[in-house]
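[1] Dropping a prediction and its sequence here:
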Amino acid sequence: MALFEIFDPKAAPRPIGIDLGTTNSLVAYVKNERPIVVLDCDQEALLPSVVSYGDSATPIVGRLAVTRATEHPRETIASVKRFMGRGADDPETKRLGTYAFVPRKEGEPNVVRFNVGSKIVTPVEVSAEILRALRRLAEDELQSVGGAVITVPAYFDDAQRQATKDAAKLAGLDVLRLLNEPTAAALAYGLDKKQNGTFLVYDLGGGTFDVTVLLLSDGVFQVRATGGDSALGGDDMDRAVAGELLVQAKVSPEARERPAVVRAFLTAARAMKHALTDAPEARIENPLGGELTLTRARFDELCGEIVERTGAVCRRTMKDAGVDKDGLDGVILVGGSTRVPLVRGKVKEWLGKEPLADIDPDKVVALGAAVQADLLAGEGNPDDILLLDVIPLSLGIEVGGGVVDKILPRNTTVPAAARASYTTQEDKQTGFQIHVVQGERELAKDNRSLAEFTLKGIPPMAAGMARLEITFRVDADGLLHVTAKETVTGKEQTVEVKPSYGLDDDTVERMLLESIDHGEEDLAARKLAENKVEASRMLSATRKSLDADADLLVDGERENITKAIETLDRARTGSDAGKIQLAISDIDAATKEFAGRRMNRAIARAIAGKAIGDVEASVETALGIDLAHEKGAKGPLPQPKDSEE
Amino acid sequence: MSLRDPFATFGLPARFDVNLPELERVHRELSRAVHPDRVASSAGRKDAVEQAMQVNEAFRVLRDPVKRAEALFQLRGIEVGETHEPKPPPDFLMEVLEQREALAEARAAKDAARVSALEIAMREAQKNAEKRLAAALAPGASADSAKAEIGALGELRFYRRFLEEVSAIHDELLG
């Protein structure tokens, strides 16, 4: 730290971007309008996403944890991201690995549990440890950390996103946004290159694979389609190579069951993979003594199938986006696994282009996240950049015969809302069982189950008389919120949401309180930090709007707003969270009407080529009516009379 | 039942023929105008979320030929959905059955070329149905002339489902 950077306890909180990766994690922020990655005391940017639990209350995270992995294979969790939002019996738990999984007990949330010796932990808690380590790293450099943008694979489903958000909450982070990794990468590239056109982002990380096709147009990043596989990555290459090395080292089948042996060979396999990036043949130390060799040709054979699977996903995503390879202006490589020569060669062959990889593929996602955090915190210039992302997998509910009625199809731009109506199947039916699923398959059982709801207390009516209205809303984080009400009686019903995977809110709350008991968190401090973040965001945005649309102000309005700005500016330098909150509400009230006028002007300008009067009339018509797309009542639930597609 | 008019949201004439790049451009510009990330006050952001959802909803309807046609029928007061639409004619059902069988056979035989041939034929049929819809749902066309072509909507749904299946089979055959 330079001498003149004196520690300031009232330092303004700074927004950060976090890439929570399968293999490595990073944190970045924007300094002098450029995103930079935070380095640790060893000048390293990458924090290995490895958490090792010992006897002490605080687990070890990062490189030190990696060194403990061989000796403590069950107590050391690597690649925890692959278990996020997954059930206790997920296929991922059955792959080559070293962990002691705890079987699920009746009535417990359906999540993976690791027995790490001293206790039992869930992937959310393990990820929270990594996020805490990153937060501390950022605090060392910035003194005060504000809101965070955390990246997730574009192909993460709702349960996986929710788990990530829960982990951030446990780590005491104020999440500004969950941002899709390929979109973050495109943001870092787009800013750098100031290009327009259609780009494909090929993101092969340690455990996840994403493809996103997006259109860049004067700062708007419009995602046209996204696809992927949230259980495919460099780890799978390591497993394939480890299998080969175990054979080569003549390890007995019994020894192959031992976690320490498996961990040692997975580590050796990764070293082999890295060595083969630059050499046609590599020689590494055999963990059991002697040497092991592998040629790149053999490596390519072992990993060929994995790489081919990514090709099929690319083709499907391009089809969804309605582009062929000639329609692509560029291909961007992201993720450490794109260093593998086989991957680079195949991508070039499939897409007919020399891919761009000039921003370090390990860092580009965190850099993009930092830029978005800066924008959302009101620091950057939001007039330049806008991200329009999509949901990766269709969202629907199970209707009669176990068939899925898709309510929001994949590649719908977020935020999104849609509504569908259903009716009762039987006379005097007084409840609805609602099953929310995510995926493309026709039958509910072949898709990811997200939640089950029961709507009770419907007055007995003849079959087909009751009308149930289900509304799906997906927020900018890609998270789904479902509400249901029975509309004939006009009686609104409260819905019980029971996530099929992951932790319910009570569990997360309890974990949070437990971590506070351990003195790791301070709720009041967090609230203050959150309010300060919101305050700076609002100040910056309000000042900009006053400059941009001064002519829309009516008499006395500027004075009111300016007064509110001054009050908030004073409040935010203090340490009274309530006072800041109050000043925020005041500024909200003072700008409400002005904001409405600004939005109307913006809409009118957006619909170019039309007289402003026309546009205002049509916008009024459009906005005055119902929010969600009304469909006809689609028949009984679970038995539909009439399916929509 | 109220229906929001997606064409009005986009400031575009209510017609079946749309230009995709133009749709994307308007979507981009409207998003710039209403996106919650660009709004200062938190109350204003809530309104902006609602408006952004509406813009995205309209975009979803307009870029999907089936949904777009449904919206145009509904704007003319014609109910859509399988219970409201007339049953498809028997010869069409017959053809559907044959095409599905042919696809199942091609899949079983892992005959990618045959799957592609079926795909091409189906795309032709899809284009034809879209042409009929475009004429029936032209801005000046009456509700009666629109209603006369409502069968094309059912066909379009079938072609889309068929082509989705083709796409899944292609993926499967390619591994």
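    Now that the structure is in, tell me what you want to look at.
[2] Count residues in the vicinity of residue A:311, would you?
    18 (other Cβ atoms under 10 Å in any protein chain shown). All C-beta spots, glycine's among them, are computed from the backbone N, C-alpha and C.
[3] which sections of the chain are below the confidence cut-off?
    No chain was given, so I picked chain A. Within chain A, the stretches with pLDDT under 70 are A:1-11, A:191-194, A:379-383, A:490-499, A:512-526, A:608-645.
[4] actually it's chain B I care about, not the one you picked
    B:1-3, B:40-41, B:82, B:174-175.
[5] host element of residue A:370?
    helix A:364-376 (DSSP states H and E).
[6] can you tell me if that helix touches chain B.
    Yes - judged by Cβ under 8 Å from any Cβ of the partner chain, helix A:364-376 and chain B are in contact via A:375, A:376.
[7] could you dump that helix to CSV, C-alpha only?
    Extracted in CSV, the C-alpha atoms of helix A:364-376 (Å, rounded to 0.1, in the frame of the first residue of the first chain):
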residue,chain,number,x,y,z
VAL,A,364,-12.0,-11.6,-18.1
VAL,A,365,-15.2,-12.6,-16.2
ALA,A,366,-14.2,-10.9,-13.0
LEU,A,367,-13.2,-7.7,-14.9
GLY,A,368,-16.6,-7.6,-16.6
ALA,A,369,-18.3,-8.1,-13.3
ALA,A,370,-16.4,-5.2,-11.8
VAL,A,371,-17.6,-3.0,-14.7
GLN,A,372,-21.2,-4.0,-14.1
ALA,A,373,-20.9,-3.5,-10.3
ASP,A,374,-19.5,0.0,-11.0
LEU,A,375,-22.5,0.8,-13.3
LEU,A,376,-25.1,-0.6,-10.9
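[8] wait, what's in contact with residue A:269?
    The neighbours of residue A:269, taking Cβ atoms under 8 Å, 6 or more residues apart in numbering or on different chains as the test, are A:237, A:238, A:239, A:240, A:241, A:242, A:245.
[9] can you tell me which of these are in strands?
    In strands, judged by DSSP state E, none of those are found.
[10] all helices of the chain, in order?
    Since you didn't name a chain, this refers to chain A. Per DSSP state H, chain A carries helices over the ranges A:63-68, A:123-142, A:158-170, A:181-193, A:234-248, A:259-278, A:296-321, A:341-351, A:364-376, A:505-517, A:523-548, A:557-573, A:577-606, A:612-624.
[11] let's do chain B instead
    Per DSSP H, chain B carries helices over the ranges B:6-9, B:20-34, B:42-63, B:65-75, B:90-108, B:112-136, B:143-148, B:151-174.
[12] Confirm for me that residue A:198 is in contact with residue A:212.
    No - counting by Cβ atoms under 8 Å, residue A:198 sits too far from residue A:212 to count as a contact (11.1 Å).
[13] higher neighbour count, those two?
    A direct count of neighbours by other Cβ under 10 Å for residue A:198 and residue A:212 places residue A:212 higher, at 31 against 19.
[14] which ones are touching the closest residue to the more buried one other than its chain neighbours?
    Excluding its sequence neighbours, the residue lying closest to residue A:212 (Cβ to Cβ, 6 or more residues apart in numbering or on different chains) is residue A:182, at 3.7 Å. The contact partners of residue A:182, by Cβ under 8 Å, 6+ apart, come to A:154, A:201, A:203, A:210, A:211, A:212, A:214, A:226, A:332, A:334.
[15] distance of residue A:182 from residue A:209?
    For residue A:182, the distance to residue A:209 (Cβ to Cβ, to the nearest Å) stands at 10 Å.
[16] any common contacting residues for these two?
    residue A:203.
[17] residue contacts, residue A:333?
    The contact partners of residue A:333, by Cβ under 8 Å, 6+ apart, come to A:202, A:203, A:344, A:347, A:355, A:356, A:357, A:361.
[18] do residue A:411 as well
    Residue A:411 neighbours (Cβ under 8 Å, 6+ apart): A:223, A:224, A:225, A:226, A:320, A:390, A:391, A:392.
[19] what's the closest of those to residue A:100?
    residue A:392 (32.0 Å; Cβ to Cβ).
[20] so how many other residues sit close to the closest one?
    Residue A:392: 26 neighbours (other Cβ under 10 Å).
[21] Chain B versus that one, what's the distance?
    15 Å (Cβ to the nearest Cβ, to the nearest Å).
[22] What separation do you get for that residue and residue B:121?
    31 Å.
[23] unless I'm mixing things up, residue A:575 is touching residue A:528, no?
    Yes - using Cβ under 8 Å, residue A:575 makes contact with residue A:528 at a distance of 6.3 Å.
[24] The two: who's more crowded?
    Taking other Cβ under 10 Å, residue A:575 and residue A:528 do not tie; residue A:528 has more neighbours (20 against 13).
[25] can you tell me which residues contact that one?
    Residue A:528 neighbours (Cβ under 8 Å, 6+ apart): A:575, A:577, A:580.
[26] For residue 59, which non-adjacent residue is closest in space?
    Because you didn't say which chain, this covers chain A. Nearest to residue A:59 is residue A:53, by Cβ to Cβ, 6+ apart, at 4.7 Å.
[27] let's do chain B instead
    Nearest residue to residue B:59, sequence neighbours excluded (Cβ to Cβ, 6+ apart): residue B:27, at 4.6 Å.
[28] where does the stretch 301-450 of chain A come near chain B, residue by residue?
    Counting by Cβ under 8 Å from any Cβ, the residues of the stretch 301-450 of chain A that sit close to chain B are A:305, A:308-309, A:312, A:315-316, A:319, A:322, A:375-376, A:378, A:382-383, A:386-388, A:408-409, A:412-418.
[29] Burial check on the closest residue in space to residue B:51 that isn't next to it in sequence, number of neighbours?
    Distance criterion Cβ to Cβ, 6+ apart; nearest residue to residue B:51, sequence neighbours excluded, is residue B:34 at 4.1 Å. For residue B:34, the tally of surrounding residues (other Cβ under 10 Å) stands at 24.
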